[in-house]
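Asker: What would the 3D arrangement of this be:
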Amino acid sequence: MTRDGKAHAPGLSSLPRPVAAVIGGGGVLGAAQVGIGYALEQHGFAPDMIIGTSVGALNGAIVAAHPGTAAERLDHVWTRVRRREVYPLGLLASRVSIVADHGLRKLIARADLPRRIEELRIPFTAVATDLATGGEALLSEGDLVSALLASAAIPGVLPPVEREGRTLIDGGVIAYVPVRAARQAGAASVVVLSAGPEWPLASALPPRRADAVAARAALLLAHHQIERDLREVSTHLPTVVLPTGIDTWPAPWDFRHAERLIGTAARTAGRFLDGLRVNGPGLYGMSCHPAGPAAPAREAGR
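Answerer: Reported below is the predicted structural model:
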């Protein structure tokens, strides 16, 4: 135990510094990140930098503003928010989005955040996508609200954000789990707050409805992108992917299940951290196998 009564996690404490907390996207799936956050706080983890995409950027900004106590704040937010607050469906908000960003702005305003990114207590980067070039937009300084809105601007659902002469949309388009941005920022190791179905992705019967086909295709696309990026980064850095233990996921816009997601992820991630051991570059906590002998997959707590 540490002096403040928190559990000591040998695996986390052995990670080379600086260590980045990387938080991906996924709508309500971000509630599971809150559960993982509880487990990390209980194990005394303190990141040197935070990189977030989409909902992971909002969660990450709150952690960066309130390190050590953010999980309880986020729990309060996630267990009370409802779909109509964030995605108020109705008349088209504009020609470029289904809904306006008023609800998301109100949610950010209630999070007790500073005005500028530089005022956060932990160095923070929100990842967005440049709609013109298709490149990553790494937002690590300047106005915080516009950075969070840009990172979460789901194409066609929420409006793009004009920021510093660029038109920006959801970072998940190019970096659903932004581990490459963490390496670019100088991280020597990475802790990924996982969201969504665990690896390997389960096979499924071909869906029969148009919406189900689109949803399955989006899931496959995201998984291939995430696995590619994790393989690349883990050949150079220790890359810990924290599990959630969640078998049944709600739709990304269905916020009614937040309490279940938080509780399950907190218990699963806590058990994983108890058994985590880190020994050099590689993937820790995933069952997919990185390419090459220099990055063997390692499992903990099994």
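Asker: Moving along the chain from the helix or strand hosting residue 191, name the first helix or strand you hit.
Answerer: Secondary structure assignment for residue 191, by DSSP states H and E: strand 189-193. Next in sequence after strand 189-193, counting helices and strands by DSSP H and E, comes helix 210-234.
Asker: Run through who's touching the strand holding residue 191.
Answerer: 12, 15-17, 19-24, 33, 36-37, 40, 45, 47, 56, 59, 177, 179, 182-183, 230, 233, 237-242, 278 (C-beta atoms under 8 Å, 6 or more residues apart in numbering). Bear in mind the C-beta positions are built from the backbone N, C-alpha and C, glycine included.
Asker: swap the cut-off to 7 Å and go again
Answerer: With C-beta atoms under 7 Å, 6 or more residues apart in numbering as the test, strand 189-193 has contacts from 15-16, 19-23, 33, 36, 47, 177, 179, 182, 233, 237-242.
Asker: Equivalent analysis for stretch 17-26, please.
Answerer: Contacts for stretch 17-26 (C-beta under 7 Å, 6+ apart): 33, 47-56, 59-60, 170-172, 176-179, 182, 185-193, 195-196, 252.
Asker: In PDB, please show the C-alpha coordinates belonging to that stretch.
Answerer: Extracted C-alpha coordinates of stretch 17-26, given in PDB (Å, rounded to 0.1, in the frame of the first residue of the first chain):
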ATOM      1  CA  ARG A  17       8.500   7.800 -17.700                       C
ATOM      2  CA  PRO A  18       7.000   9.800 -19.100                       C
ATOM      3  CA  VAL A  19       3.900   7.700 -19.300                       C
ATOM      4  CA  ALA A  20       0.800   8.700 -21.300                       C
ATOM      5  CA  ALA A  21      -2.800   7.900 -20.400                       C
ATOM      6  CA  VAL A  22      -4.500   7.400 -23.800                       C
ATOM      7  CA  ILE A  23      -8.300   7.600 -23.800                       C
ATOM      8  CA  GLY A  24     -10.300   6.600 -26.900                       C
ATOM      9  CA  GLY A  25     -13.800   7.500 -28.300                       C
ATOM     10  CA  GLY A  26     -17.100   5.700 -28.300                       C
END
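Asker: And the helices in this protein, which stretches?
Answerer: Counting by DSSP state H, the segments of the chain that form helices are 10-13, 30-42, 55-65, 70-78, 83-86, 102-109, 144-151, 179-184, 210-234, 258-275.
Asker: From the contacts of strand 189-193, list the buried ones, please.
Answerer: 15, 19-23, 33, 36, 47, 177, 179, 182, 233, 237-242 (16 or more other C-beta atoms under 10 Å).
Asker: ok, now which ones touch the nearest residue to residue 162 once chain neighbours are set aside?
Answerer: Nearest residue to residue 162 in three dimensions, chain neighbours excluded: residue 168, at 7.7 Å (C-beta to C-beta, 6 or more residues apart in numbering). Residue 168 makes contact with 128-131, 137, 150, 153, 160-161 under the criterion C-beta under 7 Å, 6+ apart.
Asker: quick one: residue 168 from residue 276, how far?
Answerer: Distance of residue 168 to residue 276, given as C-beta to C-beta, to the nearest Å: 35 Å.
Asker: dump the residue contacts of the closest residue to residue 124 other than its chain neighbours.
Answerer: Spatially, and ignoring its direct neighbours in sequence, residue 124 is nearest to residue 64 (4.1 Å; C-beta to C-beta, 6+ apart). Applying C-beta under 7 Å, 6+ apart to residue 64 gives the contacts 50, 120-122, 124.
Asker: Just send these back as a markdown table, with distance to residue 102 too.
Answerer: Shown next, in a markdown table, are the contacts of residue 64 (distance: C-beta to C-beta, whole Å):
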| residue | distance to residue 102 |
| --- | --- |
| 50 | 26 |
| 120 | 24 |
| 121 | 28 |
| 122 | 28 |
| 124 | 24 |
